[in-house]
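**Q** Below are the sequence and a predicted model; questions follow.
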Amino acid sequence: MKTPSLDAATLTAALTLRDLTDPAAGPHAMQRLLDDVVAALATWSGATVRVHRALPIVSARDNYDRLYYPPDGVARDARYTRWLGPDVLLRTQTSAMVPPLLDALARDPGWHDVLLVCPGLVYRRDAIDRHHVGEPHQVDLWRIRRGAPPLAAADLRAMIDGVVAAALPGRAHAVTPARHPYTVDGLQIDVTDGDGPVEIGECGLAAPAVLADAGLDPSQVSGLAMGVGLDRLVMLRKGLDDIRLLRATDPRIARQMLDLSPYEPVSSMPPARRDLSIAVDATDAAEDLGDRVRAALGPRAAAVESVTIVSATPYEALPPQARDRLGLQPHQQNLLVRVVLRDLDRTLTTAEANALRDRIYAALHQGAAWQWASTPVLPGV
């Protein structure tokens with residue numbers, strides 16, 4: 001049993017966030033890229049394409065158990081998963097859509113070779129920076145075939161080549177071994193970027209146990225399982241350096257998010273930097289801070305470019321006067337956190353930046369003494 005971690009307002013915000021992969025919500029470059037990938041795989045494989053979308057509230061059974069994540073695995077920890085109640089969560093991966101689709105295949109005698117396409121938002125607790133967001137877009141691409149010859153490692157490599165060529169034409173890529181609980185012979189896919197290799201997805205042969213649990217005979221049915229991050233692919237394809245640009249409302253930016261042509265930077269707003277010295281639990285990490293900032297600011301979190309831990313100092317390493325200034329307790333640590341504020345649409349005034357700084361400070365600082373930049377506001381008020 002897991003403790004619910006989202007209040008009603010936060011849950012509503014999560015469920016009403018626009019899914020950029022869904023044409024029903026309007027056009028977006030992400031849909032163009034996904035269409036290119038699916039068309040390339042359909043041509044390569046000859047498989048029947050089945051696109052599936054589902055509500056993001058899922059059971060732990062589909063998100064974890066049927067994909068063979070260990071019961072005590074770190075992925076299930078509330079630090080990484082947005083639990084809504086006992087064994088119910090906002091999906092952390094689009095792979096959660098796959099087990100029910102395999103069940104449906106087991107009940108359907110009329111298929112031979114299918115490509116399951118499962119796109120959508122996933123929900124995680126994550127750091128805040130130019131490349132991470134708490135609600136990224138993924139797509140799971142599973143090719144399932146009945147009969148001989150079974151799908152094998154050579155087919156997986158061909159699938160990788162097809163996806164990279166369609167999503168990132170001309171871009172070199174490499175694979176490295178990776179372990180996933182629901183695949184065998186797993187691989188990580190990296191592409192070459194200016195700053196080095198960038199992970200775009202993971203894949204492997206569908207684990208026989210996952211197929212068998214759905215009622216598919218692994219001696220007769222085989223599969224290829226792949227999951228890729230669509231935000232990162234679009235950023236690489238268009239040359240974006242900030243993930244927030246994908247959802248920007250500035251018309252100069254938004255109209256460039258309708259196709260896959262290279263991004264032409266618009267005038268950049270100046271950043272406002274604020275350093276915070278805060279007291280937090282000794283186990284808190286960047287993911288915890290990012291999640292609290294998003295929850296506290298709601299829509300205004302889009303003005304936060306990054307929240308970075310500059311240094312961490314345990315209770316016993318601080319002098320008494322520093323502990324008193326923070327109201328630090330023995331079970332806590334002192335973090336120096338750098339917050340960079342930069343609205344994509346306009347320049348923030350000093351007063352606005354200070355007000356945002358204080359809302360972030362109130363959400364993060366757990367000490368018994370406070371240091372405000374503007375009008376004092378107690379946490380929770």
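**A** That came in fine, so what should we check first? Keep in mind that this is a model prediction, so the values were computed, not measured.

**Q** Tell me the first helix or strand C-terminal of the strand or helix carrying V114.
**A** For V114, the host element (DSSP states H and E) is strand 113-121. Counting by DSSP H and E, the next helix or strand C-terminal to strand 113-121 is strand 137-146.

**Q** just to revisit the earlier point, determine the set of other helices and strands touching the strand holding V114.
**A** For strand 113-121, the elements it packs on are helix 29-45, strand 48-51, helix 98-107, strand 137-146, judged by 3 or more Cβ pairs under 8 Å, 6 or more residues apart in numbering; DSSP states H and E. Yep, even glycine has a C-beta here, placed from its N, CA and C like the rest.

**Q** Save these as CSV, and put in mean pLDDT, mean neighbour count and distance to P251 too.
**A** Listed next are those as CSV, based on pLDDT from 0 to 100; neighbours: other Cβ atoms under 10 Å; distance: least, Cβ to Cβ, whole Å:
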stretch, mean pLDDT, mean neighbour count, distance to P251
helix 29-45, 98, 19, 15
strand 48-51, 98, 14, 30
helix 98-107, 98, 18, 38
strand 137-146, 98, 23, 22
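
**Q** looking at those, which is closest to A212?
**A** helix 98-107 (9.8 Å; Cβ to Cβ).

**Q** what separates that closest one from the chain centre, distance-wise?
**A** In terms of Cα atoms, centre = their mean, to the nearest Å, the centre of helix 98-107 is found 25 Å from the chain centre.

**Q** Which residues does stretch 294-306 contact?
**A** Contacts to stretch 294-306, defined as Cβ atoms under 8 Å, 6 or more residues apart in numbering, come from residues 9-10, 13, 128-130, 134, 242, 244, 247, 271, 293, 338-344, 348, 356, 359-360, 362-363.

**Q** ranges for the strands of this structure?
**A** Shown for the chain, the strands assigned by DSSP state E span residues 48-51, 57-59, 83-85, 88-90, 113-121, 137-146, 173-177, 183-193, 196-206, 221-229, 272-281, 304-314, 332-341.

**Q** domain parsing for the protein?
**A** 8-238, 272-364 (automatic domain parsing).

**Q** Same list (those domains) but as JSON lines, adding distance to P262.
**A** Output for the domains of the chain, formatted as JSON lines (distance: least, Cβ to Cβ, whole Å):
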{"stretch": "domain 8-238", "distance to P262": "6"}
{"stretch": "domain 272-364", "distance to P262": "18"}
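
**Q** re the thing from before, now render the strands of the chain as JSON lines, adding distance to L105.
**A** Output for the strands of the chain, formatted as JSON lines (distance: least, Cβ to Cβ, whole Å):
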{"stretch": "strand 48-51", "distance to L105": "9"}
{"stretch": "strand 57-59", "distance to L105": "19"}
{"stretch": "strand 83-85", "distance to L105": "28"}
{"stretch": "strand 88-90", "distance to L105": "25"}
{"stretch": "strand 113-121", "distance to L105": "7"}
{"stretch": "strand 137-146", "distance to L105": "6"}
{"stretch": "strand 173-177", "distance to L105": "27"}
{"stretch": "strand 183-193", "distance to L105": "18"}
{"stretch": "strand 196-206", "distance to L105": "12"}
{"stretch": "strand 221-229", "distance to L105": "8"}
{"stretch": "strand 272-281", "distance to L105": "45"}
{"stretch": "strand 304-314", "distance to L105": "43"}
{"stretch": "strand 332-341", "distance to L105": "48"}
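
**Q** which stretch among the ones you listed comes nearest L17?
**A** Judging the strands of the chain by Cβ to Cβ, what sits closest to L17 is strand 113-121, at 6.5 Å.

**Q** Only the C-alpha atoms, please, for the closest one, written as PDB.
**A** Output in PDB follows, covering the C-alpha atoms of strand 113-121 (Å, rounded to 0.1, in the frame of the first residue of the first chain):
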ATOM      1  CA  ASP A 113       2.200  -9.200 -37.000                       C
ATOM      2  CA  VAL A 114       1.300  -6.000 -35.200                       C
ATOM      3  CA  LEU A 115       3.000  -2.800 -34.200                       C
ATOM      4  CA  LEU A 116       1.600  -1.500 -30.900                       C
ATOM      5  CA  VAL A 117       2.100   2.300 -30.700                       C
ATOM      6  CA  CYS A 118       1.400   3.700 -27.200                       C
ATOM      7  CA  PRO A 119       2.100   7.500 -26.900                       C
ATOM      8  CA  GLY A 120       1.300   9.900 -24.200                       C
ATOM      9  CA  LEU A 121       2.400  11.800 -21.100                       C
END
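
**Q** Give me the residues contacting it.
**A** Against strand 113-121 from outside (Cβ under 8 Å, 6+ apart): 17, 19, 21-22, 34, 38, 41-42, 45-54, 56, 91, 94-95, 97-98, 101, 105, 135-146, 230.

**Q** State the distance from A301 to L101.
**A** Taking Cβ to Cβ, to the nearest Å as the measure, A301 falls 33 Å from L101.

**Q** picking up where we left off before, what about the domains of the chain, which gets the closest to R252?
**A** Using Cβ to Cβ, the domains of the chain put domain 272-364 closest to R252, at 9.4 Å.

**Q** which of the contacts of stretch 294-306 count as buried?
**A** Those of the contacts of stretch 294-306 that meet the buried threshold are 10, 13, 128-129, 134, 242, 244, 247, 293, 339-344, 348, 356, 359-360, 362-363, by 16 or more other Cβ atoms under 10 Å.

**Q** Not counting sequence-adjacent ones, nearest residue to the residue nearest to the spatial centre of the chain?
**A** Nearest residue to the geometric centre of the chain (Cα atoms, centre = their mean): P136, 3.6 Å. Counting by Cβ to Cβ, 6 or more residues apart in numbering, D231 is the residue found nearest to P136 once chain neighbours are left out, at 5.0 Å.
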